[in-house]
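Undergrad: What shape does this take:
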Amino acid sequence: MVDIISLVLIAVVVLIVIGIVAVMIGIYNRFFSLKNSADATVGQVKVAMKKRLDMIEQLLGAVKSYAAFEKDTLTGVTAMRARIGSAGPGDLNELERESRSVLGRLIAVAENYPNLKTSQTVQDLMGAVKGIEDEIARHRYTYNNIAQQYNTMTDTIPSNLVASVMGFKKLEYLEFGEDIERVPTIAF
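TA: Have a look, this model is predicted:
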């Protein structure tokens, strides 16, 4: 009789351990699912930012024919494009600020030249830039939602136990700053 009770207790303990291990594996897999989603979304932000810089380069070409514009600006845009590939979320925040600054200066130059403001090429490029701005905002929103879920898991029980054992750190948010969250005014 004692042997049957012992076997039942051992079986119950084994089932509980298997259940706990299964839950921990599920939590671990969820962390990696969110991490991979975050990485993919950062990649989409990088692609969109490269597209924006391509549009800025094209705008520079259009503006250059109407006004003497800084050659350093084109060099800066090229350097920003090169940095996007290896940029993390914190670096993307800085690149966002820099590219918005260049775009703002371009818009200011365009507004000073009436012929430039009415150029169909410039208008088309400005429309494309606005579309890319919207795309960046959507990807940033998606990334920040994923980061919030991941970070919540690192703070709540029982997933925080897995996070601490595995050394998972919180994800950094894409915070482009209040002064540049506004889409630049692109209207002629």
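
Undergrad: Centre of the chain to the helix or strand hosting residue 107, how far?
TA: In this structure, residue 107 sits in helix 89-111 according to DSSP states H and E. Taking CA atoms, centre = their mean, to the nearest Å, one finds helix 89-111 lying 16 Å from the centre of the chain it belongs to.

Undergrad: Show me what it is packed against.
TA: Secondary-structure packing of helix 89-111 (3 or more CB pairs under 8 Å, 6 or more residues apart in numbering; DSSP states H and E): helix 2-64, helix 71-84, helix 114-117, helix 120-155, helix 178-181. Heads up, the C-betas are built off the backbone N, CA and C, glycines and all.

Undergrad: Just say which of the ones you listed is most tucked in.
TA: Among the helices and strands packed on helix 89-111, judged by mean count of other CB atoms under 10 Å, the one packed with the most neighbours on average is helix 120-155 (a mean of 17).

Undergrad: Need the CA coordinates for the helix holding residue 107. PDB is fine.
TA: Output for helix 89-111, consisting of C-alpha atoms alone and laid out as PDB, is shown next (Å, rounded to 0.1, in the frame of the first residue of the first chain):
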ATOM      1  CA  PRO A  89      17.100  51.700 -31.900                       C
ATOM      2  CA  GLY A  90      19.000  54.400 -30.000                       C
ATOM      3  CA  ASP A  91      21.100  55.200 -33.100                       C
ATOM      4  CA  LEU A  92      17.900  55.400 -35.200                       C
ATOM      5  CA  ASN A  93      16.600  58.000 -32.900                       C
ATOM      6  CA  GLU A  94      19.700  60.200 -33.700                       C
ATOM      7  CA  LEU A  95      19.500  59.500 -37.400                       C
ATOM      8  CA  GLU A  96      15.800  60.400 -37.400                       C
ATOM      9  CA  ARG A  97      16.700  63.800 -35.800                       C
ATOM     10  CA  GLU A  98      19.400  64.400 -38.400                       C
ATOM     11  CA  SER A  99      17.400  63.500 -41.400                       C
ATOM     12  CA  ARG A 100      14.500  65.600 -40.200                       C
ATOM     13  CA  SER A 101      16.800  68.600 -39.900                       C
ATOM     14  CA  VAL A 102      18.100  68.200 -43.500                       C
ATOM     15  CA  LEU A 103      14.500  67.800 -44.700                       C
ATOM     16  CA  GLY A 104      13.500  70.900 -42.900                       C
ATOM     17  CA  ARG A 105      16.300  72.900 -44.500                       C
ATOM     18  CA  LEU A 106      15.300  71.600 -47.900                       C
ATOM     19  CA  ILE A 107      11.700  72.600 -47.400                       C
ATOM     20  CA  ALA A 108      12.900  76.100 -46.300                       C
ATOM     21  CA  VAL A 109      15.000  76.400 -49.500                       C
ATOM     22  CA  ALA A 110      12.100  75.200 -51.700                       C
ATOM     23  CA  GLU A 111       9.800  77.800 -50.200                       C
END
